[in-house]
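Engineer: Structure for this input, please:
(2 chains)
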Amino acid sequence: MKTVDCCREEDVLDALTSGRWPDRADDELRAHVAACAICSDVAEVASAVLMVREAEPTDMRIPSSAVMWWRAQMRARREAAREAARPITVAQVVALVSVVALTAAGLVALSPWFGEFLAGWVSGARSAASSGATQASAALLAGGWMLPALMIGVWLVLAPVAIYLAVADE
Amino acid sequence: MAMRDLTFSDVERLEAAELDVPFEMDEDAFRAFYDRTARPLWSYLSRMTADSQVADDLLQESFYRFLRTRGHWESESHRRAYLFRIATNLVLDGRRRARRGYTVPLPDSDQREIPASGSDPAEISVRRTDLRRAMDRLRPRDRALLWLAYAQGHAHTEIAQTLGVKTGSVKLLLFRARRKLADILRSAPVAADGGQS
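Structural biologist: Model (predicted):
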C-alpha cells in the first residue's frame, strides 16, 4: 500500500512556521527531509503556500463586524418584508385579473357593439372551423356558454402572467 | 420640539433598532466570531477566486448565510468549518455559473523560471507571483486543501467538514494535491526554496 504521510510531517511544518527551516533546522530533520519524498514535498509545498500567504495584502478592506452585523440585519429585514408582502401582491394581482375579466364580461352583456363584434367573431370562427376541436369551441361559444368561456379564457391568459409578475422580483 | 430632517439612512437605522431580525447568534457573539474569522476567510476566498473584489462580495454573502442558518455547533472549529463550507460552496457555485471560473489565465509563463529566493524585494515579489500562479493551476479543491492545511493550519477534521469529504480521505487528497503542486514547482527550472536545497 502506498504511503501517503510521514510521522515527521508535523516537525517539518513546525520548523517552517517558526521560521527555522531550512537554515536553523536540526541537521537530523534536514537529513530526513532529504531522504523522505513525502517530507520533501511537504517542505516545498508548505513553504510555497506560506510565501503566498505572506504576500496577501495587510491592508485588505474588510468591513468591521459592526457594519457587517448591521448590513445583515437590514438585508434580513428586507427579505422578511418581501416575503410578508408576497401574498398581498398575489391577492392584488388576482383581484386585478378578476376586474379585467368581469369588465370584459360586462362589456359583452351590456354593449351591443361589443356583442355584435363578438358574435361576428364567433360566426367567423364557425365558418373557418375545419377541425373538430374548433367546431366544438365555436359551438360552445354560440350555445350560450360565451360569457363564462370568455371569462375563463381571459383568466387563463392573464393569470399566469400576473402571478409571474408578482413573484418574479426575487 | 424641533425635528431635524431624517435621511434615508437614519430612517433605516431607526427601523433596524426597533425591529431586529432574530438570528441564531447574538450581536456580541457574532462580532467576536467575525473578528476571529473574517481575515482568514477573506484570504481563503481571495486565493480560491484569485479576485479580491469577488472575495469581498463572497465574504459578505458567506457571513450573511451563516447568520441565517439555524444550526448547532459542537465547537468553535466546527462553526468555523461551517462558515468555510458556505464560502467554498459559493466559490464552486460561482465557478459553475461562470463556466470560465475565476482561475487567473496564465500568460506564457507556464514554464517560466521561478526565481530562487533571494534578498532582493523585487525578486521575492516576482517569486510570490509565480508561486501564486502555480497554485492557480491546481483544481479548486486541491487549492482549498493546501490552503486550509498549510496557510491556515486547519486540522484534517475541519478540512473534511469544510470541503464535504470524509476525514479519512483528507490525508490521501492532501498527498495528491501536494504532489501536483510539487510537480508544478519542480517543472520550473529553479525549484522553490522550501525543498531540500
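Engineer: and residue 49, what is it in contact with?
Structural biologist: In the absence of a named chain, this looks at chain A. Residue A:49 makes contacts with B:135, B:146-147, B:150-151, as judged by C-beta atoms under 8 Å, 6 or more residues apart in numbering or on different chains. Where you see a C-beta, it was placed from the backbone N, CA and C, and this is true even at glycine.
Engineer: nope, chain B please
Structural biologist: B:55, B:58, B:91, B:94, B:102.
Engineer: So it versus residue A:57, what's the distance?
Structural biologist: Distance of residue B:49 to residue A:57, computed by C-beta to C-beta, to the nearest Å: 15 Å.
Engineer: go on, residue A:73?
Structural biologist: From residue A:73 to residue A:57 the distance is 29 Å (C-beta to C-beta).
Engineer: Of those two, which one has the most company?
Structural biologist: residue A:73 (22 against 10; other C-beta atoms under 10 Å in any protein chain shown).
Engineer: Now that we're looking at the more buried one, what pLDDT does it have?
Structural biologist: pLDDT, residue A:73: 91.
Engineer: Repeat that for residue A:132.
Structural biologist: 58.
Engineer: Centroid-wise, who is the farthest residue in chain A?
Structural biologist: Taking C-alpha atoms, centre = their mean, the residue of chain A most remote from its mean C-alpha position is residue A:27, at 57.7 Å.
Engineer: So for that residue, what's the pLDDT?
Structural biologist: 90.
Engineer: now do residue B:5
Structural biologist: Looking at residue B:5, the pLDDT reads 46.
Engineer: Tell me who's in contact with residue A:98.
Structural biologist: Per C-beta under 8 Å, 6+ apart, neighbours of residue A:98: none.
Engineer: Next, find the distance separating it from residue A:67.
Structural biologist: Taken as C-beta to C-beta, the span from residue A:98 to residue A:67 is 46 Å.
Engineer: just residue A:92 next, same as before
Structural biologist: Applying C-beta to C-beta, the value for residue A:92 to residue A:67 is 36 Å.
Engineer: The residue positioned nearest the centre of chain B: what's its closest spatial neighbour, skipping adjacent residues?
Structural biologist: The residue lying closest to the centre of chain B (C-alpha atoms, centre = their mean) is residue B:44, at 1.7 Å. Once flanking residues are discounted, residue B:44 sits nearest to residue B:147: 5.9 Å by C-beta to C-beta, 6 or more residues apart in numbering or on different chains.
Engineer: Against residue B:53, how distant is that neighbour?
Structural biologist: Residue B:147 is 19 Å from residue B:53, by C-beta to C-beta.
Engineer: Residue A:46 versus the residue nearest to residue B:44, what's the distance?
Structural biologist: Counting by C-beta to C-beta - residue B:147 and residue A:46 are separated by 11 Å.
Engineer: cool, and residue A:119?
Structural biologist: Where residue A:46 is concerned, residue A:119 sits at a distance of 86 Å (C-beta to C-beta).
Engineer: These two: which has the busier surroundings?
Structural biologist: Counted by other C-beta under 10 Å, residue A:119 and residue A:46 do not tie: residue A:46 has more neighbours, with 24 against 14.
Engineer: So that one sits against residue A:11, correct?
Structural biologist: No: look at residue A:46 against residue A:11 with C-beta atoms under 8 Å: they stay out of range, at 12.0 Å.
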